[in-house]
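Peer 1: structure, please.
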Amino acid sequence: MSDQSIDAAIRQHSAGNLAAAEAMYRSILGQKPDHPGALHLLGVALSQQGNKRSAIDYISRAIAINPQVADFHANLALVHLENGEPDKALIACQRTLALQPNHVDALHQLGNALKQLGRAEESIEPYQRAIALRPDFVMAMGNLAESLRKIGRNAEADALTERVLALSPGDPKALAARGESLLRQKKNSEAAEAFRAMTQKWPSEWAGYNGLGVALYGLGKFDEAIALYEKAAALSPENPGPLNNLGYASVGQGRIDEGIPFYREALSIRPDFADAHNNLGNAHLAKLDLDAAMRSYEDALYFQPDHSDAHWNRALLHLLRGEFERGWLEYEWRWLKFPEVRRYFAKPLWDGFDIAGKTILLHAEQGFGDTIQFVRLAPLVAARGATVNLECQPELEGLLQHVPGVARTVSCGDRLPPFDVHCPLLSLPRALGIGVKNIPAEVPYLQVDQNLSRKWGRKLKDHDGYRIIGVVWAGARTHRRDTERSIPIESLAPLNQIQGVRLFSLQKEVAPQGIRVPGMVDFTTELHDFADTAAFIANLDLVIGVDTAVVHLAGALGRKVWTLLPYSPDWRWLLNRDDSPWYPTMRLFRQPGPGDWATVVGNVVESLSAEGCRGANREGEAPAEPNAPESGSAARPEPRPPG
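Peer 2: Numbers count the residues shown, from 1 in each chain. Purely as a prediction, here's the structure:
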């Protein structure tokens, strides 16, 4: 055997003629079985043809004959990585670097091995060393960017992605990373442009279509998104990501039974896919299959113990079941799920310790309805001997400044008064030990501005003789469950056909097509803040609405309010009851099945008709009596994790 033989084999190998190269390496080994170069290169050729196990055997034989060749160890590391063995790859990289400390490829593979082992922070240093030795090492830059993102250093990762694109404008990994970065920033339109550019440059890459689908879904273009997920799944049938997204889109559009098989198929491909387990839990929850939902959340946490979405969803499920003690504890995971809303202060967080003589800052953290619901706890905090200051949304400040126990209110973004400790509003239940049986439900706990109330009373005087009902049919479109909780305005038209009833809109944001219920009166342009809305509600006989801040406001004012709930309700409405322990003047109307608003409206019409046209209390009259539960009026859902 001559050097020409191995050189000829290498030429075939370099030209991509792997089968021919393999045959030539085997011919050489037939004459000289212990030729380390031929053993090593045969292993490389076999790996490139997908035969990883044989590749490992041949390269290991080469190393046993000549353990001092750094490239042998480096290529063994690469094959181990490709074979899903990062622990063995790590050892091979270390042996390579012991022989050749500046082996660029080994440094890169070391970073990859550490990242696959869940040690993203440790992977940064070898990646950086590889890039310092080879400044145009685009692949190492992309992998370094991934590690930086895993530990939350997103700005550095984004800058590195742009550097990759400057060096390699069509790099698919960098294009995908740019799109994903824009998605994280909720810049869906820009993300769509980035992913669309990727699909044009790399039409056979599944990730571009999948990412474009996510961006379009965020823009409300659901059908286009689903078609893109389907294309991504067809291009990469072994990839569970597009299937997970198909499940998410189906469930999000109310097609729960269509979505569940997608999740199951994704999990058959990758059983440890925590996101798919979590999303499957949400699908079960949508069907009120609570035990199956909890099992899916537990599965997600088994494979990924720090999965913040699964922790959050498990918290919501505990709360929905009325298991408040366990729910409030798990609810603290919200800070990892929603880090952008977490507040950091030099002062300590109050969790129930003695605060007599201290000043505490209570601060709003979520939506208007949450602030209205949980500000009721301020008097309990004041009763601990503390001075209570409240930071809230500007739209609520005028309404909340007279809450019992609150010494001072301040709008979010304004300069805060001095304080000793702080507590987000939705951490108060845990600090105070609030359970279903000790919810402070005395109403009203909000006061109406009497001047505003008289103004609205005069405005509504023209409608005396009618039963005046305020209605709200939709929440914020950005809410993650808005498609479930909002109701088409046309569905409420039967209410306006009841003799003696006149409907008034309480809907501040109206769809572009406007209000399409003949005869509905709309004064909402004159409602400037929640103090105005409260004064308006004080002059109504009844408020009927979906799960939004308006029904919380009516309940906090002690007004008669009927709340329309989806089949799988928000946790605060609990299960199997038509009253609320939070608001004694509230009655709940639940869907008997997912998406069934027709039955809900029918029940409301029947109840309104049965009550006749006698007016409920208005401002200045006695508060309405709490609604007693009525047998059969609440949906009895079949035995569905949170989303």
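
Peer 1: with just CA atoms, put stretch 485-492 into PDB.
Peer 2: Presented in PDB, the C-alpha positions along stretch 485-492 are these (Å, rounded to 0.1, in the frame of the first residue of the first chain):
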ATOM      1  CA  ARG A 485     -64.000  35.000  27.300                       C
ATOM      2  CA  SER A 486     -65.300  37.600  24.800                       C
ATOM      3  CA  ILE A 487     -68.700  37.200  23.200                       C
ATOM      4  CA  PRO A 488     -69.900  38.500  19.700                       C
ATOM      5  CA  ILE A 489     -71.900  41.600  20.300                       C
ATOM      6  CA  GLU A 490     -74.700  40.300  18.100                       C
ATOM      7  CA  SER A 491     -75.200  37.500  20.600                       C
ATOM      8  CA  LEU A 492     -76.600  40.000  23.100                       C
END
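
Peer 1: mind listing what's buried along that stretch?
Peer 2: Within stretch 485-492, the residues that count as buried by 16 or more other CB atoms under 10 Å are 485, 486, 487, 489, 492. For glycine as for every other residue, the C-beta is placed from the backbone atoms N, C-alpha and C.

Peer 1: same thing with stretch 452-461?
Peer 2: Buried residues in stretch 452-461, counted by 16+ other CB under 10 Å: 452, 453, 455, 456, 457, 460.

Peer 1: state the pLDDT value of the second one.
Peer 2: Listed pLDDT for residue 453 reads 95.

Peer 1: can you map out the strands along this structure?
Peer 2: 359-363, 387-392, 406-411, 421-424, 467-472, 501-505, 521-522, 542-546, 561-565, 586-590 (DSSP state E).

Peer 1: strand partners of the second one, parallel vs antiparallel please.
Peer 2: Here the strand partners of strand 387-392, with direction, are listed using DSSP bridges: strand 359-363 (parallel), strand 406-411 (parallel).

Peer 1: equivalent analysis for the fifth one, please.
Peer 2: Strand 467-472 has the following strand partners under DSSP bridges: strand 501-505 (parallel), strand 542-546 (parallel).

Peer 1: what are the contacting residues of the first one?
Peer 2: I take that to be strand 501-505. Under the contact criterion CB atoms under 8 Å, 6 or more residues apart in numbering, strand 501-505 has outside partners 463, 466-472, 492, 495-496, 515, 517, 519-524, 536, 540, 608, 613.

Peer 1: do stretch 183-202 as well
Peer 2: Defining contact as CB under 8 Å, 6+ apart, one finds that stretch 183-202 is touched by 154, 170, 172, 175-176, 178-180, 182, 205, 207-209, 211-212, 214-216, 218-219.

Peer 1: quick check on these: which are buried?
Peer 2: 172, 175-176, 178-180, 182, 205, 207-209, 211-212, 214-216, 218.

Peer 1: near the nearest residue to residue 94 once chain neighbours are set aside, how many other residues are there?
Peer 2: In space, and not counting its chain neighbours, residue 94 is closest to residue 110: 7.4 Å by CB to CB, 6 or more residues apart in numbering. Residue 110: 27 surrounding residues under other CB atoms under 10 Å.

Peer 1: roughly how far apart are residue 110 and residue 93?
Peer 2: 4 Å (CB to CB, to the nearest Å).

Peer 1: identify the contacts common to the two.
Peer 2: residue 77.

Peer 1: ChimeraX command to pick out the buried ones of the contacts of strand 501-505?
Peer 2: Buried members of the contacts of strand 501-505, defined by 16+ other CB under 10 Å, are picked up in ChimeraX with:
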select :466,467,468,469,470,471,472,492,495,515,517,520,524,536,540,608
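
Peer 1: residues near the nearest residue to residue 395 once chain neighbours are set aside, how many?
Peer 2: The shortest distance from residue 395 to any non-neighbouring residue, by CB to CB, 6+ apart, is to residue 529 (4.9 Å). Residues lying near residue 529 (other CB under 10 Å) number 14.

Peer 1: residue contacts, residue 401?
Peer 2: Applying CB under 8 Å, 6+ apart to residue 401 gives the contacts residue 409.

Peer 1: hang on, I meant residue 42
Peer 2: By CB under 8 Å, 6+ apart, residue 42 lies in contact with 22, 25, 26, 29, 58.

Peer 1: and the first one, what is it in contact with?
Peer 2: Residue 22 makes contacts with 42, 45, 46, 49, as judged by CB under 8 Å, 6+ apart.

Peer 1: correct me, but the last one touches residue 17?
Peer 2: No. With contact defined as CB atoms under 8 Å, residue 49 does not reach residue 17; the gap is 11.5 Å.

Peer 1: where do the helices sit along the stretch 101-250 of the chain?
Peer 2: Applying DSSP state H, counting those that start in this stretch to the stretch 101-250 of the chain gives helices spanning 104-116, 120-133, 138-150, 154-167, 172-184, 188-201, 206-218, 222-235, 240-252.

Peer 1: tell me which of those sits nearest to residue 562.
Peer 2: helix 240-252 (27.0 Å; CB to CB).

Peer 1: who does the closest one touch, helix- and strand-wise?
Peer 2: With contacts taken as 3 or more CB pairs under 8 Å, 6 or more residues apart in numbering; DSSP states H and E, helix 240-252 sits against helix 206-218, helix 222-235, helix 256-269, helix 274-286.

Peer 1: related to what we said a few turns ago, in helices only, show me the contacts of residue 42.
Peer 2: Among the contacts of residue 42, the ones falling in helices (DSSP state H) are 22, 25, 26, 29, 58.

Peer 1: give the buried subset of those as a PyMOL selection command.
Peer 2: Filtering the ones in helices among the contacts of residue 42 down to the buried ones (16+ other CB under 10 Å) takes a single PyMOL command:
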select buried, resi 22+25+29+58
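
Peer 1: save the ones in helices among the contacts of residue 42 as JSON lines, and put in distance to residue 411 and pLDDT too.
Peer 2: Output for the ones in helices among the contacts of residue 42, formatted as JSON lines (distance: CB to CB, whole Å; pLDDT from 0 to 100):
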{"residue": "22", "distance to residue 411": "73", "pLDDT": "88"}
{"residue": "25", "distance to residue 411": "75", "pLDDT": "88"}
{"residue": "26", "distance to residue 411": "78", "pLDDT": "92"}
{"residue": "29", "distance to residue 411": "79", "pLDDT": "89"}
{"residue": "58", "distance to residue 411": "71", "pLDDT": "92"}
